[in-house]
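Novice: Turn this into a model:
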Amino acid sequence: MNQRSVRTLVESISKTVKSFKKNEVECLVRLFHSVVGRTGGKIGSIGLDRSKFRGILHGVFGITDDMLMNRVFCAFDKDHDNYINAKEWVTGLSVFLRGTFEEKLKFCFEVYHLKGDDGYISREEIFDLLKNSLHQQSSEEETDEGIKELVDITLKKMDYDNDGKISFADFEKAVREDGLLLEVFGQCLPEAKNCLQFETLALRSILTSGF
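Specialist: Below is the predicted model:
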């Protein structure tokens, strides 16, 4: 790995990601390079594919739901090229590890409404998310009618302007009134113990990698 390339990339990322110190950004960039498993070339132009990223979400961060892992991948992948580059990796981890309430709020909303860019979680998306969540938690087959009733209950609780969908303003108001609603449609953020495990793993990886 070219040290000059690393420093240039770290400087660039540090200008926009303020929750990490520069040495922490460097640690995450080096870990990224190690996980990707590439040597040589421009490290800013390589990326994690969906499979490797899902492995990290599952094995390190304890996120196990297939649908939500895919949505989290898309939320990290800002340029939509189906790879997570170093900047996207550090930016996403800044929310996971050091995110403010507002940053986590925006991240969860983005994960839940990824089917479109209209800025709303639609009734159809709520149905899909609840059906997926119930399927993960119960061995009994839930009827579509039962899930539709849950959708109605959810909208009644969170759709403050009664337009049949959840806007970011609706979501924010609901979560501020009841913090448990932040991940109401399924886990898309790691628990604190998993964050600590990751930071310990990252440090150990760098110390033993020879970088």
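
Novice: who are the neighbours in contact with Trp89?
Specialist: Trp89 makes contact with 28-29, 32, 48, 76, according to C-beta atoms under 8 Å, 6 or more residues apart in numbering. Where C-beta positions appear, they are placed from N, C-alpha and C, glycine not excepted.

Novice: Show the buried residues in those.
Specialist: Those of the contacts of Trp89 that meet the buried threshold are 28-29, 32, 48, 76, by 16 or more other C-beta atoms under 10 Å.

Novice: which pair in the residues you listed spans the largest distance?
Specialist: Spatially, the most separated pair among those is Val29 and Phe76, at 15.0 Å (C-beta to C-beta).

Novice: Out of the buried ones among the contacts of Trp89, list just those in strands.
Specialist: Using DSSP state E, no member of the buried ones among the contacts of Trp89 falls in strands.

Novice: would CSV of those residues with pLDDT and distance to Ser12 be doable?
Specialist: Formatted as CSV, those follow (pLDDT from 0 to 100; distance: C-beta to C-beta, whole Å):
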residue, pLDDT, distance to Ser12
Leu28, 93, 13
Val29, 91, 10
Phe32, 91, 14
Leu48, 93, 18
Phe76, 97, 18
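
Novice: Next one: the residue lying farthest from the centre of the chain from Leu134, what distance?
Specialist: The centre of the chain is farthest from one residue, Glu145, which by C-alpha atoms, centre = their mean lies 30.3 Å away. Distance, Glu145 to Leu134, using C-beta to C-beta, to the nearest Å: 13 Å.
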